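1. using only what follows, build the 3D model:
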Amino acid sequence: MRFPSLRLPSMPLPSDWVEGLLGRRTLLYLLYTVVLFGVFMLVNFPYHAIVQRAIKGLDLESRGLHLENADTRFAWWRGLELERVRLAPTDPEKPAIIEVPSLFVRPGLEGLVRGKLNSVELLGLMYGGAIDAHLAAGEGIQRATVSFEDIQLQRYPGAAALLQLQEGMLGGKLSGVITVEKHGNEDGETRAAAELDLDHVSLVDAKLANGISLPPLHFDKAAIKLNLQNGRLEVQEFDADGPELKVALSGQIAMREPVQESVLNLKLSAVPGENSTDEMKTLLSFLPPPPKGAKPDTPRTISGTLARPRVR
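-> Next comes the predicted model:
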């Protein structure tokens, strides 16, 4: 038995069909599609979820700190932009250590060249100034270099808390560099150094936490050099020259926990300035007088602890 045959119509293809498939216009369209897909993935990638997971991995809660940021977005050549970053103690009564409206984060190029993500560059605008940081880790060593430029002290609430001011207005600008190096996981193996410059610093209507009121202070320039090693903070230089007061401080502080129990071994020199007020002269009169025949700027010794200092 034979089945009837069925003839299908022929569909001849043009001879240049294969050449058209691999033509310039098609390749450009494919390239456009790939680039568009890559841009879409970069912009819509869940960066915020990854950043939140990285923050949890830092385990800052065990150190009494809390780090948060409101959102994260891709910022092209600047890396990632972390919006409204806030680092604060877990105690809600204490002010935030740092608040940055926008913090740009990108991986370090020296690590990417070797195929490793072992360094990070940070750039942020805050308190009227800027902060630039470089963080790196490798072979059991963690390093951080943080640069400040023109940070306005009157806009930084942590400055008043650091000086233990109960009342008063603090003004001026802060610039400088802080470097930190940590070996292993022990805090005692941490080394740090700081070189800071203060410009047009003022302190008005100030009252310390212990209730002592301070007369108005103004300093055109002030320089600070600190070095931390083996649990000791060395004050290498602290010089401030103003119309009301000239002060210099040097020595060591043996760090303890809590910080208020840190032991002091400092040398203090404080003399009235050219336009010193009666309030400032009265305050300086509470310092122990220098030895007989010594110059007025002879250093006094500060001992005791941060919570209970003694001057002699």
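2. name the helix or strand of this structure that has the lowest mean pLDDT.
-> Lowest on mean pLDDT, DSSP states H and E among the helices and strands of the chain sits helix 17-21, with a mean of 54.
3. please identify the buried residues of stretch 225-239?
-> Lys225, Leu226, Leu228, Leu233, Val235, Phe238, Asp239 (16 or more other CB atoms under 10 Å). (C-beta placed from N, C-alpha, C; glycine too.)
4. who's in contact with that stretch?
-> Among residues not part of stretch 225-239, those counted as contacts by CB atoms under 8 Å, 6 or more residues apart in numbering are 188, 190-196, 222-224, 247-255, 262, 266.
5. from the buried residues of stretch 225-239, pick the one nearest Phe148.
-> Minimum separation from Phe148 among those (CB to CB) is found for Leu226, which lies at 13.9 Å.
6. may I have the helix or strand hosting the closest one exported as PDB, CA atoms only?
-> Leu226 is located in strand 217-229, with elements delineated by DSSP states H and E. Only the C-alpha atoms of strand 217-229 are listed here, as PDB (Å, rounded to 0.1, in the frame of the first residue of the first chain):
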ATOM      1  CA  LEU A 217      39.000  81.100  75.300                       C
ATOM      2  CA  HIS A 218      40.200  81.900  71.800                       C
ATOM      3  CA  PHE A 219      43.200  80.200  70.000                       C
ATOM      4  CA  ASP A 220      44.300  81.300  66.600                       C
ATOM      5  CA  LYS A 221      46.300  78.000  66.200                       C
ATOM      6  CA  ALA A 222      46.700  74.800  68.100                       C
ATOM      7  CA  ALA A 223      48.800  71.800  67.300                       C
ATOM      8  CA  ILE A 224      48.400  68.300  68.700                       C
ATOM      9  CA  LYS A 225      50.600  65.200  68.300                       C
ATOM     10  CA  LEU A 226      49.700  61.900  69.900                       C
ATOM     11  CA  ASN A 227      51.100  58.400  69.800                       C
ATOM     12  CA  LEU A 228      49.500  55.200  71.200                       C
ATOM     13  CA  GLN A 229      51.500  52.100  71.800                       C
END
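7. quick one: mean pLDDT for that strand?
-> Mean pLDDT, strand 217-229: 90.
8. ok so Pro92 is a helix residue?
-> No: using DSSP: H, G, I helix; E, B strand; the rest coil, the assignment for Pro92 is coil, not a helix.
9. Lys246 bridge partners, please.
-> Note on Lys246: beta-bridge partners by DSSP bridges are Asp241, Val271.
10. actually Glu237, not the one I typed
-> Lys225.
11. tell me the pLDDT of it.
-> According to the model, Glu237 carries a pLDDT of 91.
12. Gly115 too?
-> At Gly115 the predicted local confidence, pLDDT, stands at 63.
13. on contacts alone, who are the packing partners of the helix or strand just after the least confident helix or strand of the chain?
-> Towards the C-terminus, the helix or strand next in line after helix 17-21, according to DSSP H and E, is helix 24-44. With contacts defined as 3 or more CB pairs under 8 Å, 6 or more residues apart in numbering; DSSP states H and E, there are no secondary structure elements packing on helix 24-44.
14. need the three-state assignment for the closest residue in space to Gly211 that isn't next to it in sequence.
-> Using CB to CB, 6 or more residues apart in numbering and skipping residues adjacent in sequence, the residue nearest Gly211 is Gln166, 7.6 Å away. In three-state terms, and counting by three-state DSSP, Gln166 is strand.
15. ok, now how distant is the closest residue to Gly64 other than its chain neighbours from Ser202?
-> Nearest in space to Gly64, with sequence neighbours left out and distances taken as CB to CB, 6+ apart, is Thr90 at 5.2 Å. Separation of Thr90 from Ser202 (CB to CB, to the nearest Å) stands at 33 Å.
16. what does Leu306 give?
-> To Ser202, Leu306 is 24 Å away according to CB to CB.
17. check Ile212 too.
-> Relative to Ser202, Ile212 is positioned 18 Å away (criterion: CB to CB).
18. for the two, indicate the residue with more neighbours.
-> The residue with more neighbours, out of Ile212 and Ser202, is Ser202; 16 against 11, by other CB atoms under 10 Å.
19. okay, Thr301: pLDDT?
-> Per-residue pLDDT puts Thr301 at 87.
20. please, which helix or strand holds it?
-> Using DSSP H and E, Thr301 falls within strand 300-304.
21. what angle do the helix or strand hosting Asn265 and strand 300-304 make?
-> When secondary structure is defined by DSSP H and E, Asn265 falls within strand 263-272. Angular relation of strand 263-272 and strand 300-304 on a 0 to 180 degree scale: 150 degrees, by axes from the mean of the first three to the mean of the last three CA atoms, to 10 degrees.
22. what residues of strand 263-272 count as buried?
-> Under the neighbour-count criterion of 16+ other CB under 10 Å, strand 263-272 has Leu264, Leu266, Leu268, Ser269, Ala270, Pro272 buried.
23. for it, packing partners?
-> Applying 3+ CB pairs under 8 Å, 6+ apart, one finds that strand 263-272 contacts strand 245-254, helix 278-284, strand 300-304.
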